[in-house]
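Enquirer: any chance you can model this:
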Amino acid sequence: MLTYRLTQDNGQPKYYRLYSCIREDILSGVLRPGEKLPSRRALAEHLSVSVVTVSTAYEMLTDEGYLSARARSGFYVNALAPAPQLPAESGPLRLLETGHAAADPAGGYGFRYSALTRLMREVITDCGASLLEKPAPFGCAELRNAISEYLLRFRGIVAQPECMIIGSGAEYLYGLIVQLLGRERVYGLEDPSYERIRQVYEANGASCELLPLGPDGIVSSALARSHADVLHVTPFHSYPTGITTSAAKRSEYLAWAAERNAILIEDDFDSEFSTSKKPLEPLFGMDRRGCVIYLNTFSHSLAPSMRLGYMVLPPELARQFREKLGFYACSVPLFDQYVLARFIARGYFERHINRVRRRLKRAEAGPLTPERP
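Expert: Below you'll find the predicted structure:
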């Protein structure tokens, strides 16, 4: 006599409830290895369900290795290795609490989501199945071109798209920098600075040297005594001090790098929110030796959830990156890249930045000192 049953109706399809019931009987030993299951038709009649329901459940169990199908014979229970026992202290499954994001995750900057949602729909319509393709290793050409043109307009620097790397946020790019330049180097960091810079470098096996900040950047005497051969600086509005370096200090950084044949990493976080008529000239634009890596992110200028950053390498380092790390796949989904490329190319990003800067000027607050996302 058939004794199989369906588990209690909990809103799941009948085939899945039958699958769950049989799987539990196999795992608990009620159904022993080698035992033959009822035919699909017989079980369907017993349970008053369709043959398709039973067939689907049997196929799922067969695909997962619980059953074997023998031609013109039926379905048999497979022998399984004993299931691992959960530690006593693990207890029942505890799901995390869920909740909605803050009303304005873009930091209270009045971000206009309508443009972004319109571009999302447009990209889906225009690109279709191509969105499922693997992105180019260093980022799609559309986004790299859009960022390069923006940097030329807003920052006055020539950042060749072929030398640009797109990645999922600044912290991801810090890790790539260590892999490119080497773990045996000493990385000089501003003190104080954004703590995760040091954490990422050290997590990747690099040694860090903290260099004290003065009112105009890293103290000159400390820089001269340091053992660093890579220097990571935030010349504009350094976090958390808010210090912005002078042209003389930026020239000192470049002279220090030339003397030691060192590399400068220019972290340009927050530069978009400068209220000056002429933004600070970046180290990357002042560099004549090809020793500055320029790095920025959209996590603060747009929203923390937008884990998308970019770095621009000097030509020689870009060549080394292609040879050494060119096997990496781009870590940013193609859909996000296409949407942001259009958002920048059509002027939405600059209009957003200009709105924020006007608000800052009206409030006479100067540049913000936000918590870095």
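
Enquirer: mind listing the helices for the protein?
Expert: Using DSSP state H, the helices of the chain run over residues 14-28, 40-47, 51-63, 113-127, 141-154, 170-181, 195-203, 220-225, 247-260, 283-286, 315-325, 334-345, 348-363.

Enquirer: so which of these gets nearest residue 234?
Expert: Set against residue 234 and scored by CB to CB, the helices of the chain come closest in helix 195-203, at 8.9 Å. Just so you know, the C-beta spots here come from the backbone N, C-alpha and C atoms, and that holds for glycine as well.

Enquirer: got the buried residues for the closest one?
Expert: Within helix 195-203, the residues that qualify as buried are 197, 198, 200, 201, counting by 16 or more other CB atoms under 10 Å.

Enquirer: before we move on, what about stretch 309-324?
Expert: Of the residues in stretch 309-324, those buried under the neighbour-count criterion (16+ other CB under 10 Å) are 309, 310, 311, 312, 313, 314, 317, 318, 321, 322.

Enquirer: okay, now the unreliable bits of this protein?
Expert: In the predicted model of the chain, residues 1-5, 7-8, 83-91, 100-111, 271, 273-279, 364-373 satisfy pLDDT under 70.

Enquirer: which one among the buried residues of helix 195-203 gets closest to residue 341?
Expert: Using CB to CB, residue 200 comes nearest to residue 341 of the buried residues of helix 195-203, at 26.6 Å.

Enquirer: from residue 312, how far out is the closest residue to that closest one other than its chain neighbours?
Expert: Closest residue to residue 200 apart from its sequence neighbours, by CB to CB, 6 or more residues apart in numbering: residue 174 at 4.2 Å. Residue 174 sits 15 Å away from residue 312, taking CB to CB, to the nearest Å as the criterion.

Enquirer: residue 250 too?
Expert: Taking CB to CB, one finds residue 250 at 17 Å from residue 312.

Enquirer: residue 328 too?
Expert: Distance, residue 328 to residue 312, using CB to CB: 17 Å.

Enquirer: same question for residue 228.
Expert: When distances are taken as CB to CB, residue 228 and residue 312 turn out to be 21 Å apart.

Enquirer: now swap in residue 358 and tell me
Expert: For residue 358, the distance to residue 312 equals 28 Å [CB to CB].

Enquirer: repeat that for residue 238.
Expert: For residue 238 relative to residue 312 (CB to CB), the value is 20 Å.

Enquirer: ok, back up a step: OK, contacts around the residue nearest to residue 200?
Expert: Residue 174 makes contacts with 196, 197, 200, 201, 204, as judged by CB atoms under 8 Å, 6 or more residues apart in numbering.

Enquirer: measure residue 331 to residue 139 for me?
Expert: 10 Å.

Enquirer: looking at those two, which is more packed in?
Expert: When residue 331 is set against residue 139 and neighbours are counted by other CB atoms under 10 Å, the residue ahead is residue 139, at 23 against 16.

Enquirer: apart from its neighbours in sequence, what residue is nearest that one?
Expert: Spatial nearest neighbour of residue 139, chain neighbours left out: residue 166 (2.8 Å); criterion: CB to CB, 6+ apart.

Enquirer: what is the burial count for the nearest residue to residue 330 once chain neighbours are set aside?
Expert: Using CB to CB, 6+ apart and skipping residues adjacent in sequence, the residue nearest residue 330 is residue 135, 4.1 Å away. Here the count is done by other CB under 10 Å, and residue 135 has 20 residues near it.

Enquirer: residues touching residue 135, list them.
Expert: 329, 330, 332, 333, 334, 337.

Enquirer: just checking, residue 177 touches residue 293?
Expert: Yes. Taking contact to mean CB atoms under 8 Å, the distance of 6.6 Å between residue 177 and residue 293 places them in contact.

Enquirer: mutual contacts of these two, please.
Expert: Shared between the contact lists of residue 177 and residue 293 (criterion: CB under 8 Å, 6+ apart) are residues 265, 311.
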